[in-house]
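Student: Give the three-dimensional model of this entry:
(2 chains)
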Amino acid sequence: MAGDDERIPVLDVRGVTKTFPGVIANEDVDLVLHEGEIHCLLGENGAGKSTLMNVVFGLYQPDKGSIRVRGEQVQFTGVGDAIDHGIGMVHQHFQLIPVFTVAENVILGNELTNGPFLDINEARRRIIELEDKYGLAVDPDAKVGDLSVGEQQRVEVIKALFREAEILILDEPTAVLTPGEVDEFFGVVRSLVDQGKSIIFITHKLREVLAVADRITVLRNGKVAGTADPSTATQKSLANLMVGREVVFQVAKGDAHPGDPVIKITGLRVEDVRGARTVNGLSVEVRAGEIFGVAGVEGNGQRELVEAVTGMRPKIGGTVEILGQDATKMSPRQITELGTGHIPEDRNKHGVVGAYSIADNLILNRYFKPPFARRWLRNEAAIASEAEELVAQFDVRTPGIHVAVDNLSGGNQQKVIVARELTGDVKALVVAQPTRGLDVGSIEFIHNAIIALRDKGVGVLLVSAELDEILSLSDRIGVLYRGRLVGTFDGADATREELGYLMATGAAPESEEAAS
Amino acid sequence: MSAQSIDLTAGDLVEARRFGRRQITGMVFGVAGIALIALVAPNITGDTRTFAFEPPPDALDFSFDPPTMVTIIGLIYLLAGGLSFLPQQFDRWAGRGQLLAAAATIPLILVVALGLSATPATNVTNLFDESLVLATPIALGAMTGLWSERSGIINIGIEGTMLGSAGVGFMIFATLGEASSTTWLWIAILVAVLTGGALALLLAVLSIRYQINQIVAGVVINLFALGLTGFLRSEVIVPSGNSKGISTSEFGIPLLEQIPILGDTFFTGKPIHYMMYAVVFLTWLVMFRTAWGLRVRSCGEDPHAAETLGIDVIKTRYRSVVLGGFIAGLAGAWFSMESQSGFEDNMTNAAGFIALAAMIFGKWTPGGAFAGALLFGFARALGSRLQFLEVEISGFGIPSEFFQSLPFAVTLVVVAGALGRSIAPAAEGQPYRPSK
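Tutor: Okay, here's the model as predicted:
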């Protein structure tokens, strides 16, 4: 495949170098995209994938190197130029305005007008035309803020198509999607390619690369680490290219030695923000020294389960016991004081205070206790030495402990949370989506940290939408379906197929409910 | 699901409420309704009172006895209260009921005030006309705020922009036009408008280019305008010997001005007052129906998203803030060249801040902000009217401020219940740096 270079590529990036003060984000990067192809750009967080694409999209100007579109040398001074050359980008963080309608979001910047006024009717017609052509169903008059993440992503794709993009850059498009939405999205991507569009697909998920790519380029530390052919590459070979060393996929873990129950949930009922009862009579026991994994399609009560157990959400019924004490009505602080760690699903909202330093974030759950507090004064020396120690121990990549957490990459932010929650006298741990959006290296690190804690006798309740994560970490697995556990499995015996079927249908073969 | 759940976000630790803010508002109306019927109606004078709409000779008036009127309005309050407790699918009716009750508060205040006064009649048409006139600078100031804040720049410098324009405009009129030439009056109004633009440009440079905290930048404008105009008044305007002069004159729109009641309130007036209606309408039209308006709003919501679509956020914000400044300049001209002719220190007297409040009341929409401005205008007009009426209970005078405060109390209740929370443009006040 790498040999057939006689066609003129639709996009030809040669020797691009882009530096930021103190950082070389891209160094001498080449990338060739042919018409009707899906070219996967693979790399860890911080490898320079997004920077490269922002260069191609005209958001950044490269220091060196050239870009050709259909053989024509181009120099973009802004996004407008890139759009004019038929390049469209779907950003990892959606660039949508929640209070605008779908149609308004789509036309913004390329407004259709009728005289001096916006022509929303024409916009609606054109959007529906595009939707029919590429199989992207979204109501043009819906407010974007009311749409699901999957629908919002379709709006982003429509935005690019509306601008007649021939080259589509998809920046980590699946990071925010549920497994069902990912499959749907792949369908969209294929129909785009079938209609002659060319796609650069940025990701760090190896399974996806092998599923969709026609060609693969791997970036590491801002340089091209290699290219690969999906027909011969394996997950392992790609991971090695990406990380630059051998990656162990199967997390090494010994047998569990379960002890007494640390979290005991009986008949729990919880309502979500809208008042819908999303956890409905759930019972489970998590014992010391085991990891209990909760699998399930998102929206089956995972969020409310975690928030109820950690005291963030009131319970409608049932009880939660932690370490033998009735925690049903306890506040999050009281539950933390019992010896519970919590790695929340939304790390920016519930995990860190972005504007605070790393040091302050590392003591958020114990700042009021000695040695960090001396009566009502902070003990800066103790806080700093704790931070230095944890940053080293948990391999947080940062210029210093006083850097605001906002400035760290997602993986490093998560390491800060993990460092905080796993330190101290932890006996029970509640973990939600611990590796969402993280790169292979960080995932490996966090998985090992959780297992190390289990081996020290901590009981772990793990909730994750990644079935692979559940399978590789859990000693026991429960499937959550419409607010109940519809089956429990031994972690060693469970298979993807078995769990997947149960997650989708909720039809447990025999067992009614997995009470203890 | 229902309107109630909209302002709850996923992380809010709130249980779904069956007894929500709408019900609480309903209860307030219900209790107020009972109080009106049981306490106010029996104790108010039974003598006939009159709302005059047109003075004699075309006397057009409405006579009533206060207890009956109070009872009727009390029943409307009770109805609004009752509607609020219907099942959720009737939520819209609950909202409408509350808005109706709120509207009924205006006649209620007048009925009660007149009932407690020794004067048997008052001219209502005049009162509304005054309300509209007094709403002029507030509505204009609110539009200034809208243009600025919808583009993402907080503007608390409206007050200073108005004051500066009023002062500089009148200075030109006094010195060059001797405060008596009509041509110079209009040139001076234009100068006031341009001064507004210049002061807004200062705000824009401080907050966009130098990224100074936008609140601080606004305060700077206010202090600067206060000092500058004080200086200009004592050193230029007063020495010119033309401290007072002519102002814009009232005119009626042919034919329409002869319509009873409406002719007086809406179709006779002074030019800047008329322009205010046009500015409000055009603000709505441009901001919500044109491509440029869409871009302005996108800059206020998410400048980085706008940037990825090739929109020049900085240019858009400059233009929008300066346009707002022109509008504030017009409001300034209203103070020194329409409402009266002359300049006094601090003559805008917090109208700029009230305009900001009206804008927030109106949830950053032109129509809502205009309604807010009318409310404030009504309260001001009511204040001066009540001083004439000498409202008293058993010989003790009731301060006019009490009645003046009532529309706001009711508005607060309605905003909490029927209208819901107001949400500012998401990126407002945040400095923006373009990607490189």
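Student: Determine how far stretch A:113-123 lies from the middle of the whole chain.
Tutor: Taking C-alpha atoms, centre = their mean, to the nearest Å, one finds the center of stretch A:113-123 at 38 Å from the center of the full chain.
Student: same check, this time on stretch B:22-35
Tutor: On the basis of C-alpha atoms, centre = their mean, stretch B:22-35 sits 26 Å off its chain's mean C-alpha point.
Student: Using PDB, list the CA coordinates for that stretch.
Tutor: Below are the C-alpha coordinates for stretch B:22-35, written out as PDB (Å, rounded to 0.1, in the frame of the first residue of the first chain):
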ATOM      1  CA  ARG B  22     -43.700  28.000  40.600                       C
ATOM      2  CA  GLN B  23     -45.900  26.700  43.400                       C
ATOM      3  CA  ILE B  24     -44.200  29.000  45.900                       C
ATOM      4  CA  THR B  25     -44.900  31.900  43.600                       C
ATOM      5  CA  GLY B  26     -48.500  30.700  43.300                       C
ATOM      6  CA  MET B  27     -48.800  30.600  47.000                       C
ATOM      7  CA  VAL B  28     -47.500  34.200  47.300                       C
ATOM      8  CA  PHE B  29     -50.200  35.300  44.900                       C
ATOM      9  CA  GLY B  30     -52.900  33.300  46.700                       C
ATOM     10  CA  VAL B  31     -52.100  34.700  50.100                       C
ATOM     11  CA  ALA B  32     -51.900  38.200  48.600                       C
ATOM     12  CA  GLY B  33     -55.300  37.700  46.900                       C
ATOM     13  CA  ILE B  34     -56.900  36.600  50.200                       C
ATOM     14  CA  ALA B  35     -55.300  39.600  52.000                       C
END
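Student: That stretch and chain A, are they touching?
Tutor: No. Using C-beta under 8 Å from any C-beta of the partner chain, stretch B:22-35 stays clear of chain A, with a minimum separation of 14.9 Å. (Each C-beta comes from the backbone N, C-alpha and C, glycine too.)
Student: Quick check: buried residues in that stretch?
Tutor: Buried positions in stretch B:22-35, judged by neighbour count with 16 or more other C-beta atoms under 10 Å in any protein chain shown: B:22-23, B:25-26, B:28-30, B:32-33.
Student: where in the chain is pLDDT low?
Tutor: Just so you know, I chose chain A. By pLDDT under 70, the weakly predicted segments of chain A are A:1-6, A:22, A:178-179, A:246-250, A:274, A:508-516.
Student: I was after chain B.
Tutor: B:1-19, B:56-58, B:415-421, B:436.
Student: All the strands of it, residue numbers only.
Tutor: B:49-54, B:60-64, B:121-123, B:251-252, B:268-269, B:392-393, B:396-397 (DSSP state E).
Student: Please identify the deepest-packed of those strands.
Tutor: Mean neighbours per residue, mean count of other C-beta atoms under 10 Å in any protein chain shown, is largest over the strands of chain B for strand B:268-269, with a mean of 20.
Student: so what's whichever residue of the stretch 151-300 of chain B sits closest to chain A closest to, chain neighbours aside?
Tutor: As assessed by C-beta to the nearest C-beta, chain A sits closest to residue B:291 within the stretch 151-300 of chain B, at 3.4 Å. Leaving aside its sequence neighbours, residue B:291 sits nearest to residue A:111 (C-beta to C-beta, 6 or more residues apart in numbering or on different chains; 3.4 Å).
Student: do residue B:284 as well
Tutor: Spatial nearest neighbour of residue B:284, excluding adjacent residues (C-beta to C-beta, 6+ apart): residue B:366 at 4.0 Å.
Student: who touches the one you found in this structure?
Tutor: By C-beta atoms under 8 Å, 6 or more residues apart in numbering or on different chains, the contact set of residue B:366 is B:143, B:146, B:280-281, B:283-284, B:287.
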